[in-house]
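Chemist: Give the three-dimensional model of this entry:
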Amino acid sequence: MSVFVRRSITEEDYLKIIQELMLYKGYATLADISKSLNVKRQSVRDEINHLILLHMVEKIERGKYQLTIEGNHEANKFLRKHRTAEVLLSKCIGIPWERVDEEAMGIEHGMTEEIIQRTLERFGVTRCPHGNPIPDPDGEVQEINDKSIMSVDVPRTLKISRIVYETDEILHFLAMNDLLPDRVIKVLSTGDPVNAEVGGKLVKIPAYIANAVMVTEY
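Modeler: Reported below is the predicted structural model:
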C-alpha cells in the first residue's frame, strides 16, 4: 500500500493533463499545457519545475516533458476521482457524453474514497464514459490492448475502445458523428483526414481528433 500524500489541486490538474497529452502525442509541451488549462506560460513553467523537483515530471528533450513512474501513479490516483465523477454525473443526472469531462472538473477534487467506492459499486463500471479505465486507490490501472486509429492497417473493421485526450472540440465532434466507445467502425484510410464508415455513413476525421481515438479488435 502506497503512502498517502495529499496533492494540491494544481498538482492534480497538471498531472492529469500531462498524462493525457502523453497518451495523445507522446509528450507534453508548455504550450500544450498552457492551452489546455488556460493559464499563462510562465505559470506552467513554474509548476513544471515544481513537479520536476518532486520527481514526478522529467524533461525528455528541449521543450518536451513526460511523467516519471511516480508521477504517473499520482496522476492515476487523481484520475480515479475524475473518471468516477464523470460516471456519477453521467449516470445520476444525465450530463451529455460530450460535456461530462468539463462538468466533472467542478466536483472531481472533492471526491472522497467513500463516494468513489459507492459510485463504482452502484453502477458496476470499471471505465469512465469515454472508455478510460478507472485506476484503483493505489494508482494501479488495468492495461488496455488497443492502439491509435491512426496506426491501423486499412481497410479494417474495429471497435472504438477509448478517447485518450478529452477537449470540448474533440468530444463534440465525436459525439456528433457517433464515434463513441464500443462503436464498431470501418476504417477506410488513415492520414489527414482519417476516412471511416460509421453506421453506413462516411465520416472524415481530422488527424488531430483521430489521434485521440483508440481502437481494438472487433
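Chemist: Can you list the buried residues in the lengthiest strand in the chain?
Modeler: Across the chain, the strand with the greatest residue count (assigned by DSSP state E) is strand 156-163. By neighbour count with 16 or more other C-beta atoms under 10 Å, strand 156-163 contains the buried residues 156, 158, 160-163. C-beta: built from backbone N, CA, C; applies to glycine.
Chemist: Export these to JSON lines and append columns for distance to residue 116 and pLDDT.
Modeler: Supplementary listing: the buried residues of strand 156-163 in JSON lines, determined by distance: C-beta to C-beta, whole Å; pLDDT from 0 to 100:
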{"residue": "156", "distance to residue 116": "37", "pLDDT": "94"}
{"residue": "158", "distance to residue 116": "31", "pLDDT": "96"}
{"residue": "160", "distance to residue 116": "25", "pLDDT": "98"}
{"residue": "161", "distance to residue 116": "23", "pLDDT": "97"}
{"residue": "162", "distance to residue 116": "19", "pLDDT": "98"}
{"residue": "163", "distance to residue 116": "21", "pLDDT": "98"}
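Chemist: Can you give the distance from the helix ranked longest in the chain to the centre of its chain?
Modeler: Across the chain, the helix with the greatest residue count (assigned by DSSP state H) is helix 69-93. Taking C-alpha atoms, centre = their mean, to the nearest Å, the mean C-alpha location of helix 69-93 is offset from the chain mean by 10 Å.
Chemist: For the spatially most central residue of the chain, give me its contacts.
Modeler: The centroid of the chain falls nearest to residue 164 when counting by C-alpha atoms, centre = their mean (3.8 Å). Contact criterion C-beta atoms under 8 Å, 6 or more residues apart in numbering gives 20, 23-24, 132, 212, 214 as the residues in contact with residue 164.
Chemist: which is the next helix or strand following the longest helix of the chain?
Modeler: helix 100-104 (DSSP states H and E).
Chemist: How about residues contacting that following helix?
Modeler: Counting contacts by C-beta under 8 Å, 6+ apart, the residues outside helix 100-104 that touch it are 82-83, 85-86, 89-90, 95, 129-130, 166, 168, 171.
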